[in-house]
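> Sequence and predicted structure are below.
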Amino acid sequence: MAAVVAVAIWFAWGTASSTAVEPLTRQVVRQQIASVVVVANYLDRGGTLDDADYAEDIELYIAERPPVTPDEIGPNKTWQRRMVTRRPVLIKWQMSSSSPDKVAIRLNRGWLIAEYERSPSPSKDLGFLTLGLGLVMVMITFWVTSAAMRPLKVAEKAMRRVESGDLSHRLTTTGGAELSAMAVAFNQMASRVETMLKTEKQMMAGISHELRTPLARLRLQTEMLRDNGVSSSRIDRMEGDLQELDNLIAEFLEVSRLEIGQAVLNREPTSVLELMNEVHRAHHNPKLLTVTGVDFRANLDRARVTRAVTNLIQNAEKHAPKGELVEVVLERGRITVSDRGPGVPGPELNRLFEPFFRGTARNHSKGFGLGLSIVKQVAELHGGSVIANNRGGGGLSVTITFEEVI
């Protein structure tokens, strides 16, 4: 960018100098010398210097002798002889300049000498003009670069939205042929990915639902086996396995419904403290669970928020030291569930809410890795979010936030 601007300014200055400054300078010099020749002709016709009309920046006087010797006149010397309007003129040039310093013209009697008070060069004014041109070119270059980069920035934002899970986002197919082709290719890719994921989630939801029927049959068979005198301990183990499988399918079905948007929230104005007290009373061991903080009201689906908080409490109980309390703390728009367990390695915090992710420190704990995923889906369906952080001194805190607080 900087190199392009520098080249542009250099080119502008060179172009202006060659096409405007130098020709204009030569023209001004010719006019200045020609005006002195006009005065000389006027004097030879009997006029006086006092009556002559000439520029104010030229000092004229008449001398008896020429201001230069013959050996000082010629090529590569200070003085040169030129013919101006058919009259010989001696010109003394300024050092390193194309502007005259003194002009001498022979009269019928004596010599007319012209001395210039300042150099008749417009390069300074044109320098400002060229600088302005350069600034304009800088602005144009910046605008063109910004315009060229704008489609790339739009594409980058679109990719980041898709990366964050917004698969419905599309680019507008406007602009040049290349930009339109890129937008079409991006939209086709996003549509394909969205369709594939939606199909996969629908298939998983269907599979989960269909598995309920054979499970019901297996439960009936275990009851029949119990009636036929089969070992009760064996039947109990079979029923335990069936119950675990049923729980897994229930959670998997709930996750699938939430992800594909089949879940409908039954919202109602709710006292969150009252709801958490109900969770507390329903807990298997209320002495190991505390509910504190300030009450607030929000439009909630009571059943799903209860399930989400219960999932957080069960997750905390799995990792809290035996006999340690699990804490539920309420703040306006926030529910936080904390434990005093080992916590979670930093790199794994952002993955806790992925389906089936159990973490390296959770390989031997019970569960399927779907509970926290359900918590995330419930929070987002309520327009909120969920975040996990390690506590100072050990343990994990998970906070659900709600947007629609009354």
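Thanks, I have the structure now.

> which residue packs closest to Phe296, ignoring adjacent ones?
Arg332 (4.7 Å; C-beta to C-beta, 6 or more residues apart in numbering). Glycine gets a C-beta too; all of them are placed from N, C-alpha and C.

> Kindly report the same for Ile62.
For Ile62, the spatially nearest residue (C-beta to C-beta, 6+ apart) is Gly110, at 5.0 Å.

> Give me the phi and psi for the one you found.
phi 90, psi -160 (degrees, to the nearest 10).

> Test my guess that it contacts Tyr61.
No: between Gly110 and Tyr61 there is no contact, the gap being 9.9 Å when judged by C-beta atoms under 8 Å.

> Same drill for those two, tell me which one is more crowded.
Using other C-beta atoms under 10 Å as the criterion, Gly110 and Tyr61 rank with Gly110 on top: 14 against 11.

> Against Ala63, how distant is that one?
Counting by C-beta to C-beta, to the nearest Å, the gap between Gly110 and Ala63 amounts to 6 Å.

> circling back: show the contacting residues for the residue nearest to Ile62.
Counting by C-beta atoms under 8 Å, 6 or more residues apart in numbering, Gly110 makes contact with 62-64.

> quick check, Ile91 in a strand?
Yes: assessed with DSSP: H, G, I helix; E, B strand; the rest coil, Ile91 lies in a strand.

> let's have the chain start at 299 instead
Okay, residue one is now 299; in that scheme the one you just asked about reads as Ile389.

> what's across from it in the sheet?
With beta bridges defined as DSSP bridges, Ile389 has these partners: Gln378, Val401.

> Please enumerate the helices of the stretch 599-704 of the chain.
Using DSSP state H, counting those that start in this stretch, the helices assigned to the stretch 599-704 of the chain run over residues 600-617, 669-679.

> Correction: the previous question concerned the stretch 349-498 of the chain.
Under DSSP H, counting those that start in this stretch, the stretch 349-498 of the chain gives helices at 421-461, 475-525.

> Let's have the contacts of Gly408 in TSV, adding distance to Pro645, pLDDT and neighbour count.
Listed next are the contacts of Gly408 as TSV, based on distance: C-beta to C-beta, whole Å; pLDDT from 0 to 100; neighbours: other C-beta atoms under 10 Å:
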residue	distance to Pro645	pLDDT	neighbour count
Ile360	97	91	14
Ala361	95	91	12
Glu362	101	89	7
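
> now the residues you listed in TSV, with distance to Glu702?
What follows is the contacts of Gly408, written out as TSV (distance: C-beta to C-beta, whole Å):
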residue	distance to Glu702
Ile360	100
Ala361	100
Glu362	106
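
> List just the nearest of these to Ile611.
For the contacts of Gly408, the minimum distance to Ile611 (C-beta to C-beta) is 113.3 Å, reached by Ala361.

> The contacts of Gly408 in strands, which ones?
In strands, defined here by DSSP state E, the members of the contacts of Gly408 are 360-361.

> Lowest mean pLDDT across the helices of the stretch 599-704 of the chain, which one is that?
Ranked by mean pLDDT, these bottom out at helix 669-679, with a mean of 85.

> correct me, but Arg385 touches Asp342?
No: counting by C-beta under 8 Å, Arg385 does not reach Asp342; the two are 9.7 Å apart.

> Please name the residues that touch the closest residue to Leu347 other than its chain neighbours.
The shortest distance from Leu347 to any residue that is not its chain neighbour, by C-beta to C-beta, 6+ apart, is 6.1 Å, and that residue is Leu358. Leu358 makes contacts with 334, 337, 347, 350, 352, 410-412, as judged by C-beta under 8 Å, 6+ apart.

> Give me the buried subset of these.
Applying 16 or more other C-beta atoms under 10 Å to the contacts of Leu358, the neighbour count classes 334, 337, 350, 352, 410-412 as buried.

> dump the residue contacts of Ala686.
Under the criterion of C-beta under 8 Å, 6+ apart, the contact partners of Ala686 comprise 642, 647, 650-651, 694-697.

> Out of those residues, which is nearest to Ala488?
Proximity to Ala488 was ranked across those by C-beta to C-beta; first place goes to Phe651, at 23.1 Å.

> roughly how far apart are the closest one and Val436?
If you go by C-beta to C-beta, the gap between Phe651 and Val436 works out to 49 Å.

> So what's the residue count around the nearest residue to Arg468 once chain neighbours are set aside?
Spatial nearest neighbour of Arg468, chain neighbours left out: Asn485 (4.8 Å); criterion: C-beta to C-beta, 6+ apart. Other residues within reach of Asn485, judged by other C-beta under 10 Å, total 16.

> Can you give me every residue that contacts Asn485?
Taking C-beta under 8 Å, 6+ apart as the contact definition, Asn485 lies against 468-469, 471.

> same thing but 10 Å
Under the criterion of C-beta atoms under 10 Å, 6 or more residues apart in numbering, the contact list for Asn485 reads 456, 467-471.

> how near is the residue lying farthest from the centre of the chain to Ile698?
Relative to the C-alpha centroid of the chain, counting by C-alpha atoms, centre = their mean, Arg407 is the outermost residue, at 81.7 Å. Arg407 sits 110 Å away from Ile698 when distances are taken as C-beta to C-beta.

> try Val337
Distance from Val337 to Ile698, counting by C-beta to C-beta: 97 Å.

> ok, now Phe484?
Phe484 sits 34 Å away from Ile698, taking C-beta to C-beta as the criterion.

> out of these two, which sits in the busier spot?
Ile698 (22 against 18).

> Just list whatever residues bridge to the more buried one.
Listed beta-bridge partners, Ile698: Ile633, Val684 (assigned using DSSP bridges).

> On the pLDDT front, check it for me.
As predicted, Ile698 sits at a pLDDT of 93.

> wait, isn't it in contact with Arg605?
No: if you go by C-beta atoms under 10 Å, Ile698 and Arg605 don't touch, sitting 11.9 Å apart.

> any common contacting residues for these two?
673, 676.

> and which of the contacts of Gly408 is nearest to Ser671?
Ala361 (105.4 Å).
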